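K.L.:
Fold the following for me, if possible:
(one chain, ligands or ions: 1)
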Amino acid sequence: MNPLRTLILAAAGNDAVRRVVATAPVSRDVVRRFVAGETTADAIDAAGGLIGDGLRVTLDHLGEDTTDRATAERTVRAYLELLDQLHDVGLAADAEVSVKLSAVGLGLGGTLALDNASRVCAAAEQAGTTVTLDMEDHTTTDATLRVLAELRRHWPSVGAVLQAYLRRTLDDVRELADTRVRLCKGAYAEPPSVAYVDPHEVDLNYVRCANVLLAGSGYPMFATHDPRLVEIVSERARWYGRSVEDFEFQMLYGVRTGEQRHLAAEGHVVRVYVPFGGQWYGYLMRRLAERPANVAFFLRSLVSRS
Ligand SMILES: Cc1cc2nc3c(=O)[nH]c(=O)nc-3n(C[C@H](O)[C@H](O)[C@H](O)COP(=O)(O)OP(=O)(O)OC[C@H]3O[C@@H](n4cnc5c(N)ncnc54)[C@H](O)[C@@H]3O)c2cc1C
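P.N.:
Below you'll find the predicted structure:
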């Protein structure tokens, strides 16, 4: 992994850094680039705009590593309200939701995360859409896949996320290739014992996994902004005889927005991951870590304000 990326992700866990970044007025400006807003109304507005432009969306209520049941409950309620409104304004067919199990109680033990995620899945079904379970750091992979398997007994369309940087992922991809799977590179700081460190190795594993997904009978969702991977996936999809409706590209809100529209105009299904809510810290730090230019943008704003 890029040393700057490792450094930023390590600094992100430091309380002093968290206090500075979370309270600096300039953070708001940077956050605005990557986050649709704080409220459900903001999320619906952003979703409406993107869908109007021919894109689809997956909405994420920001928050992770919840340490108490009340916060987990508030997160669930935020999803239930969001799904209700998506249905009411007629956007549910083009909008699904992404859920982090750690936000709905994975760290609190027992069946809380499964029970809470089940409530979100039931509400999504009621609204006419579905859920994808985001994948977090490698210590949660097994637990997340166990909850996924339980959820799929009732809601087979629930999406999995697999991260190409993990050494185990090719096996997981083979296991899940006949289902709905989002493939991404992976956004957390992981040790070399479990993850590829060299970005080229990650890309090679992404392509290996993409081939297995495209050869399977499931619905692959390729979450990447990497132009080379987008090109390779498009070519491999044609080779496997997949029509443009049989897989999709996914990108993040505020990242390569021109390319999102360009791919959609070419006929591809493009889904934008739209985060909203007040708990943006962890999400922002992962976005800064992905691209040094984002850190420079952040620091420039900091200096120009001070
Ligand atoms: C829809 C979606 C869902 C995701 N879900 C998860 C998940 O559940 N779990 C998880 O671990 N990770 C998730 N990720 C993040 C993912 O793992 C990567 O960290 C992230 O997408 C960057 O990797 P990349 O494939 O875009 O390639 P990179 O090699 O990182 O980037 C390729 C190019 O894309 C552009 N780019 C990438 N990131 C940024 C950025 N932050 N700001 C500006 N430009 C950028 C740059 O031009 C860069 O050169 C998700 C990503 C997407 C798009």
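K.L.:
doesn't Glu64 make contact with Ala103?
P.N.:
Yes - using C-beta atoms under 8 Å, Ala103 is in contact with Glu64, at 5.2 Å. Just so you know, the C-beta spots here come from the backbone N, C-alpha and C atoms, and that holds for glycine as well.
K.L.:
neighbour-wise, which of the two wins?
P.N.:
Shown here are Ala103 and Glu64; by other C-beta atoms under 10 Å, Ala103 has more neighbours (29 against 20).
K.L.:
Output stretch 198-215 in CSV with nothing but the alpha carbons.
P.N.:
Below are the C-alpha coordinates for stretch 198-215, written out as CSV (Å, rounded to 0.1, in the frame of the first residue of the first chain):
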residue,chain,number,x,y,z
ASP,A,198,1.6,-3.6,-4.2
PRO,A,199,-1.1,-1.7,-6.1
HIS,A,200,-0.3,-3.7,-9.2
GLU,A,201,-1.0,-6.9,-7.4
VAL,A,202,-4.3,-5.5,-6.3
ASP,A,203,-5.2,-4.6,-9.9
LEU,A,204,-4.2,-8.1,-11.1
ASN,A,205,-6.4,-9.6,-8.4
TYR,A,206,-9.2,-7.3,-9.4
VAL,A,207,-9.0,-8.6,-13.0
ARG,A,208,-8.9,-12.2,-11.8
CYS,A,209,-11.9,-11.7,-9.6
ALA,A,210,-13.8,-9.8,-12.4
ASN,A,211,-13.3,-12.7,-14.8
VAL,A,212,-14.8,-15.1,-12.3
LEU,A,213,-17.8,-12.8,-11.6
LEU,A,214,-18.4,-12.3,-15.4
ALA,A,215,-18.2,-16.0,-16.0
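K.L.:
Quick check: closest non-adjacent residue to the residue of the stretch 1-150 of the chain found nearest the ligand.
P.N.:
Closest contact between the stretch 1-150 of the chain and the ligand, by C-beta to the nearest ligand atom, is at Asp134 (3.5 Å). Take Asp134 and drop its neighbours on the chain: the residue closest to it by C-beta to C-beta, 6 or more residues apart in numbering is Lys100, 4.7 Å away.
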